[in-house]
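**Q** My questions concern the predicted model and sequence given below.
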Amino acid sequence: MTVLDLVSRRDSGVAITGDGRTLTYGELWRRSDLVASALSSVRGRVGYVDRNGTEFWELFLGALKAGVTLVPLNFRLSAEELAWICADAGISLVVAGDPFVGALPPSVRVVPIGRDYEDWLSSSPAAVSRDPGPVLLMYSSGTTGRPKGVRIEDGQLAWTVGAFGSQFSVDSATVSLVPTPYHHIAGAGWSLITLAAGGTIVQNREPTPSSMLAQLLSFRATHAAMVPALIDAIVSAPSASDVTALRHVVYGGAPISPALMKRATDVLGARFHQSYGLTETTGVATILSPEDHFVESRLLSVGRPLPGLSVSIDSASGSGEILVRGPSLTSGYWARGSDDLFTPDGWLRTGDAGVIDDDGYLYLRDRIKDMIISGGENVYPAEVEKALFDHPAVLDVAVIGIPSDRWGETPLAVVVARSSVDGAELIAWCRERMAHFKCPTGVVFVDALPRNASGKVLKRVLREPHWKGNRDD
């Protein structure tokens, strides 16, 4: 089964809407044929940089038909970062939204969306031969250095779409709201599940609680993907009770609190699913079912493995790293070695630490890279950060390990304060809530935390001045 087999040609039904354009399946198929023809002369990979738009899916299906690898580019990246990825991936042509054209390097041909794109579709270039490659290259966010191009192969993507989509009662009547950008596997994958079922994608180019709520109402969306913070904002709006068509909500990125879960269920009346995964697992490894959301202790879990996948914990190394095995795994990284990505017996190393309970539910602890070893004890920064976030004076926080002559490493809290507070108060706050070895021994205050283009905190930047000369980080 291939991805094109899943998204088989249909003439009727709305495939994509929400961005000011509406395309039926027949129109999408015909326009992707034009893209495939225009791509026939392209050597190398083809890129896309813009907010969510119908051109992405024309390009995605056209690239599949032409046998060209598509590289969705993060529109928040700087010109230097875009140039690096274009060079690393060997991109020769980029279809770009107007605001992003000027950020692309002169080494690639740029086709601006609009009249230039329509002219390009009408071209009939001579075809060239090319070596087969992955369907997609999805570049990681690069919190620990340069991003890596994750290879997404055809069979891998097709299997995941089928297996994950089976969890959500998706069919041709589905109307799915998609706020997640397509340069994330979550955005592209969630949309592809809907297209494979013959449903309708409602695109959101600039997602905010108000814009999403408006689309939930105006398009009568039956399915949606969002993060808990967005769920909270939506159900707090007075008009949220008017949302009556929503049936399924899938979320990730963080657990959902029992109080928010009850409020969201009461207001929206939908079934909630939590998923956990990485780009390297095609976006999913585990899922927490709607029924599990009514068992309060399981709300802190990310669920059990998606049927067909296996999840284990690498207890032998002492790291507690989460390992995944199954047909959704990437074959490796583009243009670089992948030896450290897999164990000798084929399990994918996630880089996340976790535990599995007796019933098979997985609980995340933290990123292995960020784990602090203090006096021989493992300290997970996410646990300490959660405690500090509960303090009313803390607006934002990151916990890192810094050198300690006594303990090897010791936790340091880097805090953006909402109101006046001192470090001693925050340390005392933590000591009342967790084992003392986990608590920060110091607090520094900053105006803002450094983040990458995807919004993830750059902890290596915070660690660097403390570890300079001590180790490579």
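**A** Structure's in. What do you need?
**Q** Tell me if residue 297 really is in a helix.
**A** Yes: counting by DSSP: H, G, I helix; E, B strand; the rest coil, residue 297 is part of a helix.
**Q** What count of nearby residues applies to it?
**A** Neighbours of residue 297 under the rule other Cβ atoms under 10 Å: 10. C-beta: built from backbone N, CA, C; applies to glycine.
**Q** In contact with it, which residues?
**A** If a contact means Cβ atoms under 8 Å, 6 or more residues apart in numbering, then residue 297 has no contacts.
**Q** Repeat that for residue 123.
**A** 37-38.
**Q** just residue 239 next, same as before
**A** Contacts of residue 239 were listed using Cβ under 8 Å, 6+ apart, and they are 213, 217.
**Q** in the chain, which spans are helices?
**A** Taking DSSP state H, the helices of the chain run over residues 3-6, 25-38, 54-66, 79-89, 115-121, 154-165, 185-196, 209-218, 228-235, 258-268, 381-389, 423-431, 459-467.
**Q** With mean neighbour count and distance to residue 134 as new columns, can those be given to me in a markdown table?
**A** Below are the helices of the chain laid out as a markdown table (neighbours: other Cβ atoms under 10 Å; distance: least, Cβ to Cβ, whole Å):
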| stretch | mean neighbour count | distance to residue 134 |
| --- | --- | --- |
| helix 3-6 | 16 | 12 |
| helix 25-38 | 19 | 17 |
| helix 54-66 | 23 | 11 |
| helix 79-89 | 18 | 11 |
| helix 115-121 | 14 | 23 |
| helix 154-165 | 21 | 8 |
| helix 185-196 | 24 | 13 |
| helix 209-218 | 17 | 32 |
| helix 228-235 | 19 | 31 |
| helix 258-268 | 16 | 37 |
| helix 381-389 | 19 | 32 |
| helix 423-431 | 16 | 45 |
| helix 459-467 | 16 | 28 |
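**Q** closest to residue 250 out of those?
**A** helix 185-196 (7.2 Å; Cβ to Cβ).
**Q** Count the neighbours of the closest residue in space to residue 47 that isn't next to it in sequence for me.
**A** Of all residues not flanking residue 47 in the chain, residue 94 sits nearest, at 3.8 Å (Cβ to Cβ, 6 or more residues apart in numbering). Counted with other Cβ under 10 Å, residues neighbouring residue 94 total 24.
**Q** Kindly report the same for residue 314.
**A** Close neighbours of residue 314, defined as other Cβ under 10 Å, add up to 17.
**Q** and the gap between it and residue 341?
**A** 13 Å (Cβ to Cβ, to the nearest Å).
**Q** Quick check: neighbours shared by these two?
**A** residue 349.
**Q** Tell me the confidence at residue 353?
**A** With respect to pLDDT, residue 353 scores 88.
**Q** Now do the contacts for it.
**A** Per Cβ under 8 Å, 6+ apart, neighbours of residue 353: 319-322, 364-368, 371, 378, 380.
**Q** how about these in CSV, adding pLDDT and neighbour count?
**A** Listed next are these as CSV, based on pLDDT from 0 to 100; neighbours: other Cβ atoms under 10 Å:
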residue, pLDDT, neighbour count
319, 65, 16
320, 88, 19
321, 93, 23
322, 96, 29
364, 87, 20
365, 82, 18
366, 78, 22
367, 79, 18
368, 82, 20
371, 83, 20
378, 78, 17
380, 84, 22
